[in-house]
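Undergrad: 3D, please:
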Amino acid sequence: MRKLSLSVATLCLAAQLSTAQIKLPSPSPGATVGQTLGTTDFSITYSRPSLKGRTPFTDAFVPAGKVWRTGANGATAFTTSTDVMINGKTLPAGSYAILSIPDKNDWTLIFNKNKSVTEQNYKQDEDVLRVQLKPTTTGEKLETFTIGFSDLTDSTAKLNFMWADVKATADLRVDVSANAAANVDKAVAEKPDDPAVLQAAASYNLSKGRNLDQALSWIDKSVAAKETYRNLFVKSQILGKMGKYADALPVAQKALTLGQSSNDAAFSFFKEGIEKSIAEYSTKVPATPAKGAKGKKKA
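TA: Residues are numbered from 1 along each chain as shown. Down below sits the predicted model:
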């Protein structure tokens with residue numbers, strides 16, 4: 001009788017804690033991993049089960065060859081701020097649930113549009129993307145399931161799924177140039193009269209040799225709003241890039257004069273570049289005959 005009373009009391013206590021929404025330790029604690037790749041932001045939120053003496057991807061624990069939520073508790077969530085190539089296939093920007101079908105020699109990585117999906121309510125027709133991964137044996141035993149990013153460049157990375165002595169990896173690739181250009185165009189569309197935004201956008205186009213006529217239009221608006229040695233220097237560089245050295249030279253000279261009188265400590269980082277531009281443009285501008293000079297008489 002006493003044992004029954006204790007069981008009832010335990011159940012009541014658990015119910016009360018649940019109702020009160022008191023945060024208690026979880027056997028599979030939650031985790032969030034974020035990563036920026038170029039201009040793309042990734043976020044993964046998942047729960048991390050531990051082995052506790054068990055062997056995953058067997059019939060007894062996380063069965064091989066069957067759909068798995070790729071974590072514990074709720075669905076594993078994946079968000080990308082831009083389109084991303086995963087093993088050569090495009091996943092559109094957005095939020096998804098990650099599932100997988102782990103097997104000894106082959107994993108299927110799944111991105112599903114049902115963000116609350118479980119193994120029980122999973123529907124393949126809600127998949128947005130499926131890619132195949134080749135698992136490897138690491139030789140080291142990892143107690144707790146881990147998702148992470150590695151081998152980062154400005155446009156590529158690896159997305160790793162690791163547990164026990166198994167590691168499955170997907171290759172990620174983003175189009176940094178296209179994403180950056182889209183961000184520039186969006187910024188100008190949102191703040192078309194902001195001198196700083198216009199200068200930054202013009203500088204980006206200049207750095208990429210992209211649509212210099214548009215860049216010149218943007219920097220002209222920036223200069224008209226507030227003339228500084230910085231936006232004048234950018235304008236001179238754009239004109240020089242367009243081969244308009246006679247127009248670029250006086251703009252660069254004015255940028256140097258304004259910079260020298262600006263009392264801006266940052267000018268020292270620009271001064272050498274402006275002076276080099278002036279020297280370069282001077283060599284490419286045809287000499288102008290002095291006033292009153294007469295041409296030689298024909299023989």
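Undergrad: run through the bridge partners of the spatially most central residue of the chain.
TA: The centroid of the chain falls nearest to Thr40 when counting by CA atoms, centre = their mean (1.8 Å). Using DSSP bridges, the beta-bridge partners of Thr40 come out as Leu37.
Undergrad: run a quick neighbour tally on Ala170.
TA: By other CB atoms under 10 Å, 17 other residues sit near Ala170. Just so you know, the C-beta spots here come from the backbone N, C-alpha and C atoms, and that holds for glycine as well.
Undergrad: now do the SS call for the nearest residue to it once chain neighbours are set aside.
TA: Spatial nearest neighbour of Ala170, chain neighbours left out: Leu159 (4.5 Å); criterion: CB to CB, 6 or more residues apart in numbering. Under DSSP: H, G, I helix; E, B strand; the rest coil, Leu159 falls in the strand class.
Undergrad: quick check, Leu159 in contact with Arg173.
TA: No: contact criterion CB atoms under 8 Å: Leu159 and Arg173 do not qualify, at 11.1 Å.
Undergrad: nearest spatial neighbour of Glu208, chain-adjacent residues omitted?
TA: Quick fix: residue 208 is Lys, not Glu. Ser177 (7.0 Å).
Undergrad: which pLDDT value goes with the one you found?
TA: You'll see Ser177 listed with a pLDDT of 91.
Undergrad: any stretches of the protein with poor pLDDT?
TA: 1-21, 287-299 (pLDDT under 70).
Undergrad: which residues of it fall in helices?
TA: Secondary structure of the chain (DSSP state H): helices located at 2-20, 176-190, 195-208, 212-225, 229-241, 245-260, 267-284.
Undergrad: so what's the residue nearest to the centre of the chain up against?
TA: Going by CB atoms under 8 Å, 6 or more residues apart in numbering, Thr40 touches Thr80, Ser81, Thr82, Val84, Val174, Asn179.
Undergrad: what about the residue nearest to the fifth one when sequence neighbours are not counted, distance to Thr108?
TA: Right, the one you point to is Val174. Closest residue in space to Val174, ignoring its immediate chain neighbours: Thr40 at 4.5 Å, by CB to CB, 6+ apart. Computed as CB to CB, to the nearest Å, the Thr40 to Thr108 distance reads 24 Å.
Undergrad: and stretch 251-269, how far from the chain's centre?
TA: 34 Å (CA atoms, centre = their mean, to the nearest Å).
Undergrad: and for stretch 129-147?
TA: When C-alpha coordinates are averaged (CA atoms, centre = their mean), stretch 129-147 and its chain have centres 24 Å apart.
Undergrad: mind listing what's buried in it?
TA: For stretch 129-147, the neighbour count (16 or more other CB atoms under 10 Å) marks Leu129, Arg130, Val131, Leu133, Pro135, Phe145, Ile147 as buried.
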